[in-house]
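K.L.:
One predicted model, sequence on top.
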Amino acid sequence: MSGFAGGQAKGTMPQKAVASNAPSRMKTVPIAQWRLTAEGAVQKSLDSGHSWQNALVSRDVAFRSLCSIKQEVWVGANAGALFHSVDSGQTWNQIQPAAANQKLTSDIVHIEFSDPAHGLISTSNGEVWSTSDGGQSWRRK
């Protein structure tokens, strides 16, 4: 799914995924849907958007952008605050994009990943940061 800033991502998505390809171990698990509230809270739904629960990412942070692809979720906020989950929001790690002695400190307004490795971050002052290794390293364009 492409990144977006605010609101709820729209589109047709399968609601369950197979957890194992072995016929005797077939199990379905819900695919999470994600959204940001107007107040900047991150929310997750496991029932096609019928109900939403707040994701506990970081206290006192109003998020402005969100992107999810498979089980990975990225959320960005003011002053370069960037958080990443690889397990559908069960755990979160704060990421500090930096390159050539420069750190991302501007407000993150857009996040977009084409796959779990390749992503772009856009900021309120026009900076664009990219990664090709899932956020392990960053490059300012």
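P.N.:
Great, that's in hand.
K.L.:
quick one: G49 and Q33 touch, right?
P.N.:
Yes - using Cβ atoms under 8 Å, G49 is in contact with Q33, at 5.6 Å. In this view, the C-beta of every residue, glycine as well, is placed from N, C-alpha and C.
K.L.:
quick one: which of these two has more around it?
P.N.:
Q33 (21 against 14; other Cβ atoms under 10 Å).
K.L.:
thought the more buried one was touching H50?
P.N.:
No - judged on Cβ under 8 Å, Q33 makes no contact with H50 at a distance of 10.1 Å.
K.L.:
So for the residue nearest the centre of the chain, what's the pLDDT?
P.N.:
With distances taken as Cα atoms, centre = their mean, W74 lies nearest the centre of the chain, 2.1 Å away. Note on W74: pLDDT of 98.
K.L.:
ok, now the one 5 residues further on?
P.N.:
A79 is assigned 96 on the pLDDT scale.
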